[in-house]
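below is the structure, and that's it, no one-letter string:
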C-alpha cells in the first residue's frame, strides 16, 4: 500500500511470490476472494489456505507461484553464492526475482528488481540444509540445481513450469 501512496514511486510495480497451492495465487488469477488452498509444509510464513483480508488484489501487479522444491533449491543456491543461509521464503522470493529479471532481459528492458531476504536460514539446518531431509522431500531438487547451474553459465534463467500471472 505504501508504494501506491507515494507519487514518486508511481513507476514501481508489485510482484507477490506465493508457495504452490496457496489461496492467494488462485484468488489473484480467478478474482475469487473466497479461493481456498493449502499451506506449504516447507515454505513457512507465506501462503495461506484462505485469502486473508490484508491481501488486496488491486495492489498486486504480478504473481509468481513457486514450488517447495524450487524455494529450497534457491535458498541453497543463495547460500553457496553468499555464504549466508536463508530460509525457503527468501528462496521463493529469489525465484520471483529471477522470473522478472528474465522477462526484462528477454524484452530488452532495463530496471531494478528488489526483494527482501525475509527469513534467516539458521533454523533450517535440520531441514532445508540437511541433504537427507531434502532428498526425501524434494525429488525435483536436481532439476532446479541444473537451472541454477545454467543460469550461472549465462544461459538465462529457465522459467518453464512456473505459474506466472
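Structure's in. What do you need? The structure displayed is predicted, hence computed values, not measured ones. Residues are numbered from 1 along each chain as shown.

and the helix or strand where residue 72 lies, what does it pack onto?
Residue 72 belongs to helix 68-82 when assigned by DSSP states H and E. Applying 3 or more Cβ pairs under 8 Å, 6 or more residues apart in numbering; DSSP states H and E, we find helix 68-82 packed against helix 88-107, helix 131-137, helix 141-152. Where C-beta positions appear, they are placed from N, C-alpha and C, glycine not excepted.

and the next element down the chain from the helix or strand of the chain with the lowest mean pLDDT?
Counting by mean pLDDT, DSSP states H and E, the chain has its least confident helix or strand at helix 2-5, which shows a mean of 89. As assigned by DSSP H and E, the chain's next helix or strand after helix 2-5 is strand 15-19.

let me know the next secondary structure element after that next one.
In N-to-C order, the element after strand 15-19 by DSSP H and E is helix 23-30.

tell me what angle that following helix forms with strand 15-19.
Helix 23-30 and strand 15-19 are oriented at 130 degrees to each other (axes from the mean of the first three to the mean of the last three Cα atoms, to 10 degrees).

sheet partners, orientation included, of whichever helix or strand comes after helix 23-30?
Sequence order places strand 62-66 as the next helix or strand after helix 23-30, per DSSP H and E. Using DSSP bridges, strand 62-66 pairs in its sheet with strand 15-19 (parallel), strand 163-164 (antiparallel).

strand 62-66 to helix 88-107, inter-axis angle?
Going by the same axes, to 10 degrees, strand 62-66 makes 120 degrees with helix 88-107.

contacting residues around strand 62-66?
Strand 62-66 is contacted by residues 13-20, 22, 24-25, 28-29, 43, 91-92, 95-96, 99-100, 162-165 when judged by Cβ atoms under 8 Å, 6 or more residues apart in numbering.
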